[in-house]
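1. I'll drop the sequence and a predicted model, then ask my questions.
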Amino acid sequence: MAATVELLIADAEDLILGALLAPQWGVYLNGVPVIQPASVAASLLPFGVSAALADVSAIAGLIGGGGIQPAVASTVEFEFAQDWPISNYPQEQGAFQSYNKVTLPFDVKLRLAGGGSLGSAQAFLTTCLAVANSFSLFDIVTPELTFTSCSVAHVSYQRKADRGATLIVVDLWFQQINVASSTTFQNTQQPGNASATSLSNVQPQTPNQQVDQAFSGYTVH
């Protein structure tokens, strides 16, 4: 009997550890899973490891909306794209020279499938729309790479009869957000080395009598 219990415990530990170490897909916010694979959640919940799912109030506080539930979904499609435009200028006899290369923000397109019960479908759609409306920056986790600092630029979802009445497919298109550093100002020891600072708009002034007489003979055409 003791040996059987030990085997059952070992199997449970292997299953939980395997789920935790399995290649992850998901949308994360500050390290908290907002949307994660249904297979991981399903394998963890029967053993009481509900902590693997983020707390509902924590997700709501991070996203900035009430009643947001962590959602589970299957990743149907994943697409990554990024461009590096190269600037050229023409030379003689049809030749050209490249002089610059610009790194543009990348795009990540996720197609997620979720649904099941009415409550699960509502939580899935509510979370997807909350992610789309949020100004927060999310991380897109894949088995190979993690794409950080992403915000949703497009969301759409569809239901088709040939996919079942309860299956909902949502497209989330993310775009990388380059966060610019803020500029700080401080006083310098040598005032002559300080950069120019705009104080206000320059107001027109009435010229004095000497200046008025000096330019009285000129006519503006």
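-> Received it, and whenever you're ready, just let me know what you need. Numbering: from 1, shown residues only.

2. Which strand runs longest in the chain?
-> strand 146-158 (DSSP state E).

3. tell me what that one is packed against?
-> Packed against strand 146-158 by the contact rule (3 or more Cβ pairs under 8 Å, 6 or more residues apart in numbering; DSSP states H and E) you find strand 107-115, helix 118-133, strand 138-141, strand 167-176. For every residue, glycine as well, the C-beta is placed using N, CA and C.

4. now residue 130: how far from residue 107?
-> Distance, residue 130 to residue 107, using Cβ to Cβ, to the nearest Å: 21 Å.

5. Of those two, give the one with the bigger neighbour count.
-> Neighbour count, other Cβ atoms under 10 Å: between residue 130 and residue 107, residue 130 has more, with 22 against 18.

6. distance of that one from residue 146?
-> 21 Å.

7. And stretch 96-107, what's buried?
-> residue 107 (16 or more other Cβ atoms under 10 Å).

8. how long is it end to end?
-> 30 Å (Cα to Cα, to the nearest Å).

9. And for it, what's in contact with it?
-> For stretch 96-107, contacts defined as Cβ atoms under 8 Å, 6 or more residues apart in numbering pick out 79-91, 147, 153, 173-178.

10. Narrow these to those that are buried.
-> Among these, those scoring as buried are 147, 173-176 (criterion: 16+ other Cβ under 10 Å).

11. what ranges do the strands span in the protein?
-> 26-29, 32-36, 71-72, 74-81, 86-90, 96-101, 107-115, 138-141, 146-158, 167-176.

12. Could you provide those in a markdown table, with additional columns for distance to residue 125?
-> A markdown table is the format used below for the strands of the chain (distance: least, Cβ to Cβ, whole Å):
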| stretch | distance to residue 125 |
| --- | --- |
| strand 26-29 | 14 |
| strand 32-36 | 11 |
| strand 71-72 | 8 |
| strand 74-81 | 15 |
| strand 86-90 | 42 |
| strand 96-101 | 41 |
| strand 107-115 | 8 |
| strand 138-141 | 17 |
| strand 146-158 | 7 |
| strand 167-176 | 7 |
